[in-house]
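[1] Need coordinates for the below:
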Amino acid sequence: TEAASVEPNGATADVTSGTISADGRYAEFTSLDNDYRAPSQVMVRDLEHGSTVLVSAAPDGSAADQDASLAG
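    The predicted model follows:
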C-alpha cells in the first residue's frame, strides 16, 4: 500500500477529491496546499513511476493563481 496523493515535492497532500484511473496507474486529486498561489490545485500522480505533475498550471507552467478542482 502506498499514498496516491503525493505532491511534486514528495509531501502527502490534504485532498478534497480524487480518482484512480481504470488501469490503476494514475491518481488524480485536488490538493489543498498553501504552498501554491491558490490553495486548491489539481495534480496527477503516475503511481508506476512515482512522479506527480501539477496540471492546473498557468500557460507558462507556474501554479495557477485561482483555485482549481477535478471536474465531476
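[2] In the protein, what residue spans correspond to strands?
    15-20, 26-32, 40-46, 51-54 (DSSP state E).
[3] Quick check: the most centrally placed residue in the chain vs Thr16, distance?
    For the chain, the residue nearest the mean C-alpha position is Met43 (1.9 Å; CA atoms, centre = their mean). Separation of Met43 from Thr16 (CB to CB, to the nearest Å): 12 Å. Using the backbone N, CA and C atoms, a C-beta is placed for each residue, glycine as well.
[4] Mind listing the shared neighbours of the two?
    The contact sets of Met43 and Thr16 overlap at Thr30 (CB atoms under 8 Å, 6 or more residues apart in numbering).
[5] mind listing what Ala4 touches?
    18, 20, 27, 29, 45, 47.
[6] picking up where we left off before, make TSV out of the strands of the chain and add distance to Thr1 and mean pLDDT.
    Listed next are these as TSV, based on distance: least, CB to CB, whole Å; pLDDT from 0 to 100:
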stretch	distance to Thr1	mean pLDDT
strand 15-20	13	87
strand 26-32	13	89
strand 40-46	14	88
strand 51-54	18	90
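[7] As CSV, the ones you listed with distance to Val6 would be great.
    Formatted as CSV, the strands of the chain follow (distance: least, CB to CB, whole Å):
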stretch, distance to Val6
strand 15-20, 10
strand 26-32, 8
strand 40-46, 6
strand 51-54, 6
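[8] what's the closest of those to Asn9?
    Proximity to Asn9 (CB to CB) singles out strand 51-54 among these, at 8.6 Å.
[9] Buried residues in the closest one, which are they?
    52, 54 (16 or more other CB atoms under 10 Å).
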